[in-house]
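> next one to model:
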Amino acid sequence: MRFVYPEFLWGLLTLAVPIVIHLFNFRRYKKLYFSSLKFLQHVDLETKSTQKLKHLIVLILRCLALAALVIAFANPYLPVENEKSTGGKPVIAIYLDNSFSMTAKGTEGELLSEARETARKIISNASLETRILLNTNDMSGVEQRLITKVEALEYLDKIEASPLVRQIDDVLNWQRSFIDKQNEMNQRVGTRQYILLSDFQKNSSSFAKLKKDEDGYYYPVQFIPQEKSNVYIDTAWFSSPIQRVGENNELNVRVVNSGNENLTNVELHMEVNGIVRDVFLDIPANQKVTTTLNYTEKKAGLKQGKIQVNDKQLFWDDDYFFAYEVRSKTSILLVNGDDASPQVAQVYRLEPFYSVKTINQTGFSQDQLRNTDLVFLNGVNTVSSGLTDQLSEFAQTGGSVAIFPGKACETGSLSLLLNALNLPGLGTVTQSGTRIDKLIYDDPFFAGMFEQKKENLNLPAVSKAYSSNKNNGKGAYELIRLQNGMPLFLRSGGSINAFLFTSSLDNTFSNFTSDALFPSLVLRIGEMSQRKLPIALTIGSDGVFPLFEASEGEKPIHLKNKKLDFIPQTKTVGTMRYISLSGSEATELLVAGNYDIVDEKAFGTVALNYNRLESIASALSKDDIINGMKQAFKHVLFKEIAEGQSLASIDIEKPYEYWKVFVFLTLLFLIGEMCVLKFWK
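Numbering: from 1, shown residues only. Just a heads-up that it's a prediction; the model follows:
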């Protein structure tokens, strides 16, 4: 037997008090006045042995009553089997999964409600001295404390669904680490029991990082929804990289059916700045379908939209928000080198959509990159290391770079810039096989430029070109190929947007500028170079959002809509500022929706969506859970709740407490003493 409060056992020293009282009280002589011999006769009949026995019984009963009362205050208990506790207070660590997958419907409401009521029963049935560690996916400082039963029951009512998702091994390691710390620093911890209330989704139920534990008791409790199907919007994107006034937009939407039944006539509804579109989809079981919504932009400006799908099971992923900007112009910085072609500026100035600023290479400064979409190096022969660094940073922060070299190019200095832009370097000038062989029509760069693909186009002549190899590990895409197999025009791969023309626009190299293909290429480069923002971000992801037009004032950036005002983290790289939506703070406070970006005034828009990690409703089986936990734990008892928490009986191991028994014994001994004194004549 062990004691929750062993310090109370010092109270047993008070047993000396009744002993002393009895020793002195029953040795006192009493004067007895009597008028007849009857009293003398009565005294003679009462023997000394009987008197001593009565006194001894009273003493024993009083000592037993006092001892039982002291032991009751010490709270005696028998530990659970095989417990290796230090005799401290028992602890029950309860993890209540409040991720969005727990909003699925169970027999008696949402799974989260069933889990909350199950936790309430467990806490209510725990012993009074038990300390509770109650945590959700938040795992915040508020949850990092041992609390009483009353505090735990109050906190249960505050738990709501959250977009945060935690792995099971991270949760258990966090709980165990905290309890170990409490055991070392503040208070001794007795029996440790860990109760997991979750649906155990496959995407969030990793056991790989669990640490060994042979003493703790683990109770995974799995909640099973009525239906395991789900229909959700996975993502959306535009077919064209830019959106312009008066032109058709093609918005592609991917919808997923994660259930085992084929669905017909699933309604998909879209709204964007007053434009409404509805389509009906047939989605096979466990398949995804992509549909296209068409509409025309009526005016420039910031746009905010929302796509909805009707689903009867999970609702948090039925909405997909998106936002973008229809710009009225693209800003181009034309940097002229020694062999600059005047036709480049002439082409761009024919289109009012392009705002062109022309400078000489010697007059370039980094400040000119602000609010610029495209830097066009026109006839440049050499590139300084400083310009290389500035253009490399510019491209990495969303800007575009086009390089058309001069006729006397120093390929060594230019190759440093090309390497930074994920483009192949240039070699010596070659005149063999320099006629244009073909255009790579299938590349998105040429989408919509030609009414039909023609292999026998009358292509312009190129007499000289710099040798180059697109297969140099940079992942560049060949757009125009020469007969000798080398590329004439390429675009970079990866996240950088850059273009390279391997010949010069000088007349000694080609007559390319006199052909209709030349203005088409130049205009398409400008069109593809408009700085584009992501149409949507995932809350809590590691992505960043560039602020092209943010002011340099000291006021913080705000994300605002009708319901929320949030100040995100910001960082500056070169001349570019970014907002970050990663981290637990953004995940806990932000909700899916469209937001205005505000500093001194509103200057942008961003759409935020919840992570689709738990949209695929696929849970671990009983064997998967037990086998995964038994790799690290000795004591594991699984429980499945598929028909409602009211039918569930969660029996957890807890100490066998005896304080009530000792209180009863105290009363029993006191009653016995009273009976002896009253009826023993």
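
> which parts of the chain are helices?
16-25, 37-45, 48-73, 111-125, 149-156, 168-185, 342-349, 385-396, 411-420, 517-528, 584-589, 622-630, 659-679 (DSSP state H).

> other SSEs contacting the first one?
The contact analysis (3 or more CB pairs under 8 Å, 6 or more residues apart in numbering; DSSP states H and E) places helix 16-25 against helix 48-73. Heads up, the C-betas are built off the backbone N, CA and C, glycines and all.

> avg pLDDT for the helix it packs on?
Helix 48-73 carries an average pLDDT of 80.

> in it, what's buried?
Across helix 48-73, burial judged by 16 or more other CB atoms under 10 Å covers 54, 58-73.

> again with stretch 386-398
By 16+ other CB under 10 Å, the buried positions in stretch 386-398 come out as 387, 388, 390, 391, 392, 393, 394, 395, 397, 398.

> now stretch 461-469
Residues of stretch 461-469 classed as buried: 462, 465, 466, 467, 468 (neighbour count, 16+ other CB under 10 Å).

> now swap in stretch 113-132 and tell me
113-119, 122-123, 126-127, 129-132.

> show me the protein divided up by domain.
What automatic domain parsing lists as the domains of the chain is 2-79+665-679, 89-227+618-654, 238-322, 330-528.

> follow-up on the earlier one: quick one: which of the buried residues of stretch 461-469 sit in strands?
465, 466 (DSSP state E).

> got a markdown table for the helices of the chain, with distance to residue 490 too?
Formatted as a markdown table, the helices of the chain follow (distance: least, CB to CB, whole Å):
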| stretch | distance to residue 490 |
| --- | --- |
| helix 16-25 | 99 |
| helix 37-45 | 128 |
| helix 48-73 | 85 |
| helix 111-125 | 53 |
| helix 149-156 | 60 |
| helix 168-185 | 45 |
| helix 342-349 | 18 |
| helix 385-396 | 15 |
| helix 411-420 | 10 |
| helix 517-528 | 12 |
| helix 584-589 | 38 |
| helix 622-630 | 49 |
| helix 659-679 | 82 |
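
> nearest to residue 324, out of the ones you listed?
Closest approach to residue 324 among the helices of the chain is made by helix 517-528 (15.6 Å; CB to CB).

> any chance of CSV for the buried residues of stretch 386-398, columns distance to residue 103 and pLDDT?
What follows is those, written out as CSV (distance: CB to CB, whole Å; pLDDT from 0 to 100):
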residue, distance to residue 103, pLDDT
387, 54, 91
388, 52, 91
390, 50, 90
391, 49, 91
392, 46, 90
393, 44, 87
394, 45, 88
395, 43, 88
397, 39, 81
398, 37, 82
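
> ends of stretch 10-17, how far apart?
Distances were taken as CA to CA, to the nearest Å; on that basis the terminal residues of stretch 10-17 are 14 Å apart.

> tell me the mean pLDDT for it?
Average pLDDT, stretch 10-17: 80.

> for it, the distance to its chain's centre please.
Relative to its parent chain, stretch 10-17 has a centroid offset of 59 Å by CA atoms, centre = their mean, to the nearest Å.

> repeat that for stretch 671-681.
On CA atoms, centre = their mean, the centre of stretch 671-681 falls 72 Å from the chain's centre.

> ok, and what's touching it?
Here stretch 671-681 makes contact (CB atoms under 8 Å, 6 or more residues apart in numbering) with 54, 57, 58, 61, 62, 65.

> residues contacting the first one?
This points to residue 54. Listed by CB under 8 Å, 6+ apart, the contact set of residue 54 reads 676, 680.

> also the fifth one?
The contact partners of residue 62, taken as CB under 8 Å, 6+ apart, are 18, 22, 669, 673.

> identify the farthest-apart pair in those.
Spatial extent of the contacts of residue 62 (CB to CB) is set by the pair 22 and 669 at 14.9 Å.

> find the nearest non-adjacent residue to residue 548, please.
residue 531 (5.8 Å; CB to CB, 6 or more residues apart in numbering).
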